[in-house]
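How does the following fold in three dimensions:
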Amino acid sequence: MHHRDLESKVTLAVVLFILLITSVMTSGDKLGQVYAKKVSKKDDLKPYVGVDVRGFHTSIQPARYPIAFPSDFYEKSFALITKAGMNHIRYAFYWEAYDKDPKAFMKELNTVAEIADKNNLKVIYDNHQYHTSSWLDSTNGTGFPSKLFDKTKYKHGAGGAPHDTAAEKWWNEWWNNKIKDNEGNSGWELQAQFLRRVTNTVDHHKSTLGYEILNEPQVHRSDQLAKVGKYNTFITNNLRQITNKTLVYSMNIPVHPSGSPKDIALMTPKDRDNLVFKFTIYDAPKPGSFEGNKLSTMLKVAKLSKVPVYIGEWNDASHKDMAKGKKGLVIHTKNNPDPKATNSIVKKLKNLNVWGWAYWNWNYVPHPVPSFNLVKIKNNGDVHTTQYFTNLEKVINKIY
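Prediction:
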């Protein structure tokens, strides 16, 4: 073999090796799998780990809670979250909160992004809904603005939970893209406009990791799953015009752990570039249990869709310890979760090598279930963490 031929082959091999490494790195970036390195004895790699955070003007809580929102809530909160070894928050915001006060809503989003920048936190901005809207459930509901509810068809307080007839009827119309405001504008288009405004406001911040299309959409019939996919594709296509950051689509509720992964995968947007699939865990996912079966199903969905997994909410609230309260509202009664459960869940998530996770939650408003809030706000506005936060911090430092 001639020297020149040997030199050419060596050069080619080096070039191919560099291209291979570059491809792997680019692929990882493309999927949003950028991990923050933690200096430790094991020199482990840490995914996006953190908490769900709820705000003030970006929620509708001002009308539901008397204690003033601390002026330094985000400064203190984000500093505590970072100090505990976390690098991520999932920030829940609500469309109807924007509809009530757009200026205050956007100002608070800017504040969140700026303070997250300073604390090196990555943020998923979550378009949240719970029980559809305060129009259908004035006590617990929040999400869609009242302008999307035909008052002749949907009475105030008719019920927005998955078991409510009014909610089932409304969501069926939503998936058929028949929900309109009183001027005849499509609900899908109105929501896309709103999410574009959110994206344009925070996309330039280094802390912005991405956006969740819609938290836990209600699906009442299997034939609606493909329609959810059409909706997710519509929103994705809109946002892709202005951002290349991570987009998150959510599992549906009510949850059917034994549902067909192939059917559930129909919700996946067509554009899977930098896409993540989110679902929740609200109990240790033991084999054969409700959460264990759900975890197995959702992992199969992610595999079929070829996208990373994001546990956007998790907590320890056994399904055996649920009770029906007033008006059929399902409440969690497991007020003193075993600290070992937190360790078990976090360990499981690490072993699964999930893209990221967020603990539910960090909220200035208290919750009847203590573990559902990691902070308590004193009358003087001080932000104090709870025993559940202390335990979470210990588990993170131990496992990661």
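
Now do the SS call for the spatially most central residue of the chain.
The centre of the chain sits closest to Gly312, judged by C-alpha atoms, centre = their mean, with a distance of 4.1 Å. Classification of Gly312 by DSSP: H, G, I helix; E, B strand; the rest coil places it in strand.

Contacts only, for it.
Contacts for Gly312 (C-beta atoms under 8 Å, 6 or more residues apart in numbering) come out as 52, 90, 124, 126, 212, 215, 248, 250, 278-280, 357-358. For every residue, glycine as well, the C-beta is placed using N, CA and C.

Distance of it relative to Ile89?
If you measure Gly312 against Ile89 using C-beta to C-beta, to the nearest Å, the figure is 11 Å.

got any residues that touch both of the two?
By C-beta under 8 Å, 6+ apart, Gly312 and Ile89 have these common neighbours: 52, 124, 358.

re earlier: specify which member of the contacts of Gly312 is nearest to Asp382.
Taking C-beta to C-beta as the measure, Asp382 lies nearest Asp52 of those, at 21.3 Å.

And what about the closest one, helix, strand or coil?
Going by three-state DSSP: Asp52 is strand.

And the one 4 residues further on, by the same measure?
When states are read from three-state DSSP, the local structure at Phe56 comes out as coil.

Go ahead and confirm it touches Ser71.
No: Phe56 lies out of contact with Ser71 (C-beta atoms under 8 Å); the separation is 10.3 Å.

Could you give the backbone dihedrals for the closest residue in space to Thr246 that isn't next to it in sequence?
Excluding the flanking residues, the one nearest Thr246 by C-beta to C-beta, 6 or more residues apart in numbering is Gly210, at 2.9 Å. When read as degrees, to the nearest 10, the backbone of Gly210 gives phi 170, psi -160.

hmm, back to that, compute the number of surrounding residues for the residue lying closest to the residue nearest to the centre of the chain once chain neighbours are set aside.
Spatial nearest neighbour of Gly312, excluding adjacent residues (C-beta to C-beta, 6+ apart): Lys278 at 4.0 Å. Lys278 has 28 neighbours, counted by other C-beta atoms under 10 Å.

model confidence over the helix or strand that contains Trp171, on average?
Assessed by DSSP states H and E, Trp171 sits inside helix 165-175. In this model, helix 165-175 carries a mean pLDDT of 98.

Identify the residues contacting that helix?
Against helix 165-175 from outside (C-beta under 8 Å, 6+ apart): 131-132, 136, 149, 153-155, 158-162, 179, 187, 217-221, 224, 227-228, 231.

So which of these sit within strands?
Counting by DSSP state E, these place none of their members in strands.

Give me the buried entries from the residues you listed.
131-132, 136, 149, 154, 158-162, 179, 187, 217-220, 224, 227-228, 231 (16 or more other C-beta atoms under 10 Å).
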